[in-house]
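Trainee: this one's sequence-less:
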């Protein structure tokens, strides 16, 4: 079990007085072989990104706003099983704010000394945030087995956090998710954090030597090797003076009956809508024109690519032949 060193001190600046809580934590990758330097550097940078989300989560879990920021330093790195010892410093608005926060923890946890729960809460929060990131990193349509594996691992940690705060796992999960500032960045960091474990099929990640705070080997295997941000369901690209071939017309309607082909963009007929400043009769008399258009794409999962679904014509060059 990791021994926590706790330091309390006050930083006084211009009209400011912050109280700083500091303690040590550990990530241990149980890899049986050496880990490349590049992977270690990436995991350390990712760890920093994960930890930077925790002040907001800790405030959320305790329904407070006393923690303003966090700093993280690496204390030591050991080879063999890759061990990353690190120090976190949480900045509170004041010493009174810290004491009030600790008193809340004492009441929520039922511990006589609220300070004893602080390092446990921090370690479990770091673990829960990292696992949430892995969940967020799963590509849309990921198979049920991978999702259930990671969700199961996540639930163990969420329950551990909840037990120490007298909260159920569902509430803990919602608070954590709602507190994260940038879900995509967290997902990217979580993938990089677990990546060293992918070098060994049996590797897992143990936080603070606690057998309840483990990112399991099956979760590591199920996590994507590289994070790919989810593609937006729809996107719009603008094209100026592009060739438009008229295929269907309706001289009485701006929204229905029109279809076109855009060579190199939409090779099959696509629905066309028209700006109301366009003369329908004049446009209907042309087989092709050069126009300024918005092309609307929707992501097609079966194609794993975007497909043109509609075109909006803003204007056209009626001087072109």
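Mentor: Good, I have the coordinates. Small disclaimer: the values here were computed from a predicted structure and weren't measured. Numbering: from 1, shown residues only.

Trainee: From here on, just use CA atoms for contacts and neighbour counts.
Mentor: Will do.

Trainee: show me where this structure has strands.
Mentor: 6-13, 16-29, 67-78, 83-92, 205-207, 214-215, 234-248, 259-262, 266-274, 288-300, 305-316 (DSSP state E).

Trainee: Show me what the third one pairs with in its sheet, parallel or antiparallel.
Mentor: In other words, strand 67-78. Sheet pairing for strand 67-78, assigned by DSSP bridges, gives strand 83-92 (antiparallel).

Trainee: Ok, the second one next?
Mentor: Partner strands and pairing direction for strand 16-29 (DSSP bridges) are strand 6-13 (antiparallel), strand 83-92 (antiparallel), strand 205-207 (antiparallel).

Trainee: Going by mean pLDDT, which of the ones you listed comes out lowest?
Mentor: Mean pLDDT per stretch puts strand 6-13 lowest among the strands paired with strand 16-29, at a mean of 55.

Trainee: just for the stretch 101-250 of the chain, where's the confidence low?
Mentor: 141-143 (pLDDT under 70).

Trainee: picking up where we left off before, adding mean neighbour count and distance to residue 103, write the strands of the chain out as TSV.
Mentor: Output for the strands of the chain, formatted as TSV (neighbours: other C-alpha atoms under 10 Å; distance: least, C-alpha to C-alpha, whole Å):
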stretch	mean neighbour count	distance to residue 103
strand 6-13	12	16
strand 16-29	20	15
strand 67-78	15	14
strand 83-92	21	14
strand 205-207	24	25
strand 214-215	25	28
strand 234-248	16	48
strand 259-262	20	67
strand 266-274	18	62
strand 288-300	19	50
strand 305-316	18	53
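
Trainee: Just put those in TSV and tack on distance to residue 172.
Mentor: Formatted as TSV, these follow (distance: least, C-alpha to C-alpha, whole Å):
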stretch	distance to residue 172
strand 6-13	25
strand 16-29	22
strand 67-78	18
strand 83-92	21
strand 205-207	19
strand 214-215	17
strand 234-248	32
strand 259-262	51
strand 266-274	47
strand 288-300	33
strand 305-316	36
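
Trainee: Count residues in the vicinity of residue 35, would you?
Mentor: Residue 35 has 18 neighbouring residues, counting by other C-alpha atoms under 10 Å.

Trainee: ok, which stretches of the stretch 101-250 of the chain are helices?
Mentor: 117-137, 144-165, 169-179, 183-194, 217-222 (DSSP state H, counting those that start in this stretch).

Trainee: Would you reformat the ones you listed as TSV and include mean neighbour count?
Mentor: Below are the helices of the stretch 101-250 of the chain laid out as TSV (neighbours: other C-alpha atoms under 10 Å):
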stretch	mean neighbour count
helix 117-137	24
helix 144-165	19
helix 169-179	18
helix 183-194	24
helix 217-222	22
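
Trainee: To residue 281, which of those helices lies closest?
Mentor: With C-alpha to C-alpha as the criterion, residue 281 lies closest to helix 183-194 of those, at 48.5 Å.

Trainee: ok, and what's touching that closest one?
Mentor: 42-47, 49-50, 130-137, 180, 205, 220, 223-229 (C-alpha atoms under 8 Å, 6 or more residues apart in numbering).

Trainee: just checking, residue 260 touches residue 249?
Mentor: No: with contacts counted by C-alpha atoms under 8 Å, residue 260 stays clear of residue 249, the gap being 9.0 Å.

Trainee: And residue 303, how close does it get to residue 309?
Mentor: Distance of residue 303 to residue 309, computed by C-alpha to C-alpha, to the nearest Å: 14 Å.

Trainee: same question but for residue 48, I mixed them up
Mentor: Look at residue 48 and residue 309: by C-alpha to C-alpha, they are 42 Å apart.
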